[in-house]
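Colleague: Sequence and predicted structure are below.
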Amino acid sequence: MSTRAEPVTPGTAGTTGASAASATSVTSVFVRLKLSLLRNGLRQSGGRRAAYIASAVLVLLFTALQLAGLVALRGYAHVDSLVVLLAAVLGLGWAVMPLFFPGGDETLDPTRLVMLPLRPRPLVRALLTASLVGIGPLFTLCLFAGSVVAVAHGGAAYAVGVVGAVLALLVCVTLARAVAAANVRLLTSRKGRDLAVLSGLVVAVGAQLVNFGVQRLGSSGLEQLDPAAGVLRWVPPATAVGAMDAASDGAYGVALAQLALTAAALVLLLWVWERHLTRLMTTPDGSTLQSDTRPVRERGSAGLARLLPAGRTGTTMERTLRYVWRDPKTKAAWVTALAIGLIVPVFNAWQGTGSVYFSCFAAGMLGIQMYNQFGQDTSAFWMVAMTISSTRDAYVELRARALALLLITLPYATLVTVLTAAVLDDWRTLPEALGLSFALLGAMLATGAWTSARFPYSIPQEGYKNVAPGQAGLAWISILGGMVGAALLCAPVIALTIWVNVREGGGPGPLLLPVGAGYGAVLTALGLRLAAPRTAERLPEILTAVSRG
């Protein structure tokens, strides 16, 4: 008998076994890679290690509280609607997380694996397994486990709940991976970094919406969630929670249909993910393509820029407005201020707990944009400094920046005040609130110009920090000190508004509009006059302070 091994053909079982072993090997390698990335990231610095441990502890505490809360809700009416909505919101969070936090997971960028001899299907399996390692999947699993305890009743419901929780977790993780793979070119570009900077807006607006939602639920109960939950229980991954509830009620056919829908969504997402991975592995990157070498035609100001004043004022205004539109950090600050300035007064008015005077919040949020005007220039401020040779030049520079801000803040503050008055149907207070908003806006422009010259700080262009290391104290002094100063400067208008409202028989409320507008204009002019000589004297110090980022 010959002992020589026969060659294995591609169609034999030996090849199948080798492929399975290879896939298992690739999966274990990716899991070890994920753990190595976590471990090496913690070794970079003590600050990063402390931040990670602190965030992990907070997430675990929140997870424990969330789990305990869901367990405590067992047996309450309409709890099924609540957990269905929680599952839908959790799935939405997994979908948008890669768009706003692309740097949160080093393995989210599959283009780093292009040069490796890996096929898409084993790569999908390996990346999916590695994605289950982390705090996010643990939090998601705990929430679905708490949903099982809160909703399931009976052995069949618990069995459906276990299967549904696993399927829902896989749907969430696969959804995040599919979104990341579909937008990997965007996430690795400058537009992707701009999108990541706007994550603060999502958090801020989401926090406000959650706050108003909790207040409304506390006043009217969980039953108002039933209509939305009735629709969302057929949308994965909330279908897994809906299957638990259906099995508890004995509707096993509905439960199986919802589980099947969850599994179908998982298969579809895996297919989409594999398609995008294949495209990324086989198509060239834009950096390898020949660029357009045609000369760029010179063009002057176009559109609304033609309406700006001539000379230094118009040029500075256009530059400031371009910062608002193009610079990621400046854009994020403006979008956040515009959104929060509208949400807080209008939503409070819609809930019947607000006042027209809440619209002053919009003027305050927008007035903050005048602070640290030179910080957004970073090291390029030297070009501005070269054009300032006198107090007059500094005054024109500051005045132009204030005018550019007024082009946005003045009509927007007016719009928010009118909307708040319309929701509350309180038109009598509209002139008083407008006058107070204009006075506050003028005071913040005045203090913002002065603090920009006295307490400048650098804004890093990369990352999520808005203050360079070692300058946090300057930022706090600039913003908090300026806000307190603006409030003190507005004290006469505030006192006059209070006197008009407490005076018997009322008072000349409509006169507060021109009084507040005139007072705000005077404060702005005085603030610019006082800040101009300070700016002209401290140009080297300002350049040094804003160049640290």
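Modeller: Looks like it arrived, so ask away.
Colleague: who are the neighbours of the helix ranked longest in the chain, in terms of helices and strands?
Modeller: In the chain, with assignment by DSSP state H, the single longest helix is helix 391-424. Contacts defined by 3 or more C-beta pairs under 8 Å, 6 or more residues apart in numbering; DSSP states H and E place helix 391-424 against helix 311-326, helix 328-350, helix 360-367, helix 430-454, helix 512-537. No exception for glycine: its C-beta is placed from N, CA and C like everyone else's.
Colleague: which helices and strands does the host helix or strand of residue 64 pack with?
Modeller: Under the criterion of DSSP states H and E, residue 64 resides in helix 46-72. With contacts defined as 3+ C-beta pairs under 8 Å, 6+ apart, helix 46-72 has these neighbours: helix 13-43, helix 135-151.
Colleague: Tabulate those (a markdown table), appending mean pLDDT and distance to residue 498.
Modeller: Shown next, in a markdown table, are the helices and strands packed on helix 46-72 (pLDDT from 0 to 100; distance: least, C-beta to C-beta, whole Å):
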| stretch | mean pLDDT | distance to residue 498 |
| --- | --- | --- |
| helix 13-43 | 68 | 55 |
| helix 135-151 | 90 | 48 |
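Colleague: Which strands or helices does the helix or strand encompassing residue 498 pack on?
Modeller: Element membership of residue 498, judged by DSSP H and E, is helix 491-502. For helix 491-502, the elements it packs on are helix 430-454, helix 512-537, judged by 3+ C-beta pairs under 8 Å, 6+ apart.
Colleague: ok so, going back, the helix or strand following the helix holding residue 64 vs helix 135-151, what angle?
Modeller: Using DSSP H and E, the helix or strand that directly follows helix 46-72 along the chain is helix 79-100. Interaxial angle, helix 79-100 versus helix 135-151 (axes from the mean of the first three to the mean of the last three C-alpha atoms, to 10 degrees): 170 degrees.
Colleague: How far away from the center of its chain is helix 79-100?
Modeller: 16 Å (C-alpha atoms, centre = their mean, to the nearest Å).
Colleague: any idea of the mean pLDDT in it?
Modeller: Averaged across helix 79-100, the pLDDT comes to 84.
Colleague: Any buried residues in it, and which?
Modeller: 79-88, 90-91, 93-94, 97-100 (16 or more other C-beta atoms under 10 Å).
Colleague: cool, stretch 233-253 as well?
Modeller: 233, 235-248.
Colleague: Please apply the same query to stretch 447-456.
Modeller: Those would be 447-456, for stretch 447-456 by 16+ other C-beta under 10 Å.
Colleague: quick one: which of those residues is nearest residue 278?
Modeller: residue 456 (50.4 Å; C-beta to C-beta).
Colleague: Do you know the pLDDT at that closest one?
Modeller: Residue 456 is given a pLDDT of 89.
Colleague: Give me the neighbour count for the residue lying closest to it once chain neighbours are set aside.
Modeller: Nearest non-adjacent residue to residue 456, counting by C-beta to C-beta, 6 or more residues apart in numbering: residue 545, 4.4 Å away. A count of neighbours around residue 545, defined by other C-beta atoms under 10 Å, yields 21.
Colleague: Test my guess that residue 450 contacts residue 534.
Modeller: Yes: at 7.0 Å, residue 450 counts as touching residue 534 under the criterion of C-beta atoms under 8 Å.
Colleague: how close does residue 127 sit to residue 472?
Modeller: Counting by C-beta to C-beta, to the nearest Å, the separation of residue 127 from residue 472 is 38 Å.
Colleague: and what of residue 422?
Modeller: For residue 422, the distance to residue 472 - C-beta to C-beta - is 41 Å.
Colleague: follow-up on the earlier one: counting neighbours, which bits of the longest helix of the chain end up buried?
Modeller: For helix 391-424, by 16+ other C-beta under 10 Å, it's 393-406, 408-410, 412-414, 416-421, 423-424.
Colleague: picking that back up, residue 127 and residue 472: which is more packed in?
Modeller: Remark: of residue 127 and residue 472, residue 127 carries more neighbours, 25 against 13, as counted by other C-beta under 10 Å.
Colleague: roughly how far apart are that one and residue 33?
Modeller: In terms of C-beta to C-beta, residue 127 sits 10 Å off from residue 33.
Colleague: What of residue 261?
Modeller: Counting by C-beta to C-beta, the gap from residue 261 to residue 33 is 33 Å.
Colleague: What of residue 54?
Modeller: The value you get for residue 54 to residue 33, if C-beta to C-beta is used, is 25 Å.
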